[in-house]
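> I would like the atomic coordinates for the input below:
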Amino acid sequence: MKEHTLNDHRLKIENIREAARLIDPVFLNTPQYQAESLSRLLGTRIVVKVETANPIRSFKGRGAEYFASKIPKGMALLTASAGNFGQAMAYACGRRGLPLTVYASVNANPFKLERMRMLGATVVLHGEDFDAAKIEAKRVACATGVRLVEDGFDPETGEGAGTIGLELAGEKVDALLLPLGNGALTCGVGRYLKEVRPDIRIVAIQSEGAPAMLESWRQKKAVRFDSISTIADGIGVRIPIPECVQDMEGIVDDGILVKDESLIEAMQLAHQHLGIVLEPSGAAGLAAVLENRARFREQSVAVILCGGNLTSEQMKLWL
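Below is the predicted model of the structure:
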């Protein structure tokens, strides 16, 4: 993998600052505060940033909004999604008059699929997982000439997410724990904080059953997996994007894999102590603290609660 410095990083600091001016304000300046009871329970000062109180219940609106702000009116777009990015693109495209088709797995969260349709997207189901749906979306984009939007690969998706870093920069924390999917959140937020607060450790979190991005980061090359097994669909990446793996260089200081059982416990703790409904991916940062209490004891950490889209059956099962 080609070595690079942060000076020539794909994600640009000036674009993150521009994104904060262009994104729909409904996604910006989200609540961030010290969670007192969670901090006492876990022996760690925990600052939470809540990204679920917006029209799509996810941080993905930031990147989708910034990307869509650059697209000419009326231009058709195509994307693939496990659910949250598809909702975000549907929202951003709907308010700008941009026709959108989303490819998703036949096993995708039905609540997320219905939300994409309600927000105006055409949804096509294909393949057993997100990566299979994305391969089909790429094939169709090549065959038709329709512009493909790829979360993580298109820099605007990471730069939009980077506005979270801009908002967190004033917090006195030792580490920031970020759920790691294709890398838009981790690399976008980490990119900004490494510029203005290089003392903060950036820790990327994945599920034990879907470790492709962290394994790729450690090996400095994209490492594909034949299958994944996790309830955290939002960070369930099987085929990493090489450019996103490279984006992690100089940004990510450490990586942690968590068990699905810990994700569920973290979701329950957020529900009980904060009154917040999280999906498994959105609770990954809290799960990492749960599994590594000694490591984070008496430190100050920030966790991004980045998504809260659950079916009613999942709520009954997990919460």
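
> ok, which stretches of this protein are strands?
32-34, 45-50, 77-80, 100-104, 122-125, 147-149, 175-179, 201-207, 254-258, 300-305 (DSSP state E).

> what strands line up against the third one, and which way round?
Based on DSSP bridges, the strands next to strand 77-80 in the sheet, each with its direction, are strand 100-104 (parallel), strand 147-149 (parallel).

> give the buried residues for that strand.
For strand 77-80, burial by neighbour count (16 or more other Cβ atoms under 10 Å) applies to 77-80. Glycine gets a C-beta too; all of them are placed from N, C-alpha and C.

> thought His271 was touching Leu319, still the case?
Yes - counting by Cβ atoms under 8 Å, Leu319 does reach His271; the two are 5.2 Å apart.

> what touches both of those two?
Val277 (Cβ atoms under 8 Å, 6 or more residues apart in numbering).

> count of neighbours near Phe85?
Using other Cβ atoms under 10 Å, Phe85 has 30 other residues around it.

> check contacts around the one residue sitting closest to the centre of the chain.
Nearest to the geometric centre of the chain sits Leu185, at 4.6 Å (Cα atoms, centre = their mean). Residues near Leu185 by Cβ under 8 Å, 6+ apart: 59, 158, 161, 164, 178-179, 304, 306.

> would you mind measuring from it to Gly162?
Per Cβ to Cβ, to the nearest Å, Leu185 is found 9 Å from Gly162.

> next: Ile205.
Distance from Ile205 to Gly162, by Cβ to Cβ: 18 Å.

> same check, this time on Arg201
On the measure of Cβ to Cβ, Arg201 and Gly162 end up 17 Å apart.

> so between these two, which is more surrounded?
Gly162 (31 against 17).

> residues in contact with the more buried one?
So Gly162 contacts 11, 15-16, 19, 188-189, 191-192 (Cβ under 8 Å, 6+ apart).

> measure how buried the residue lying closest to Gly158 once chain neighbours are set aside is and give me the count.
The shortest distance from Gly158 to any non-neighbouring residue, by Cβ to Cβ, 6 or more residues apart in numbering, is to Gly188 (3.8 Å). If you count neighbours by other Cβ under 10 Å, Gly188 ends up with 33.

> ok, now Ala143?
8.

> one step back: make JSON lines from the buried residues of strand 77-80 and add pLDDT and distance to Asp253 to it.
Listed next are the buried residues of strand 77-80 as JSON lines, based on pLDDT from 0 to 100; distance: Cβ to Cβ, whole Å:
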{"residue": "Leu77", "pLDDT": "98", "distance to Asp253": "35"}
{"residue": "Leu78", "pLDDT": "98", "distance to Asp253": "35"}
{"residue": "Thr79", "pLDDT": "98", "distance to Asp253": "30"}
{"residue": "Ala80", "pLDDT": "96", "distance to Asp253": "30"}
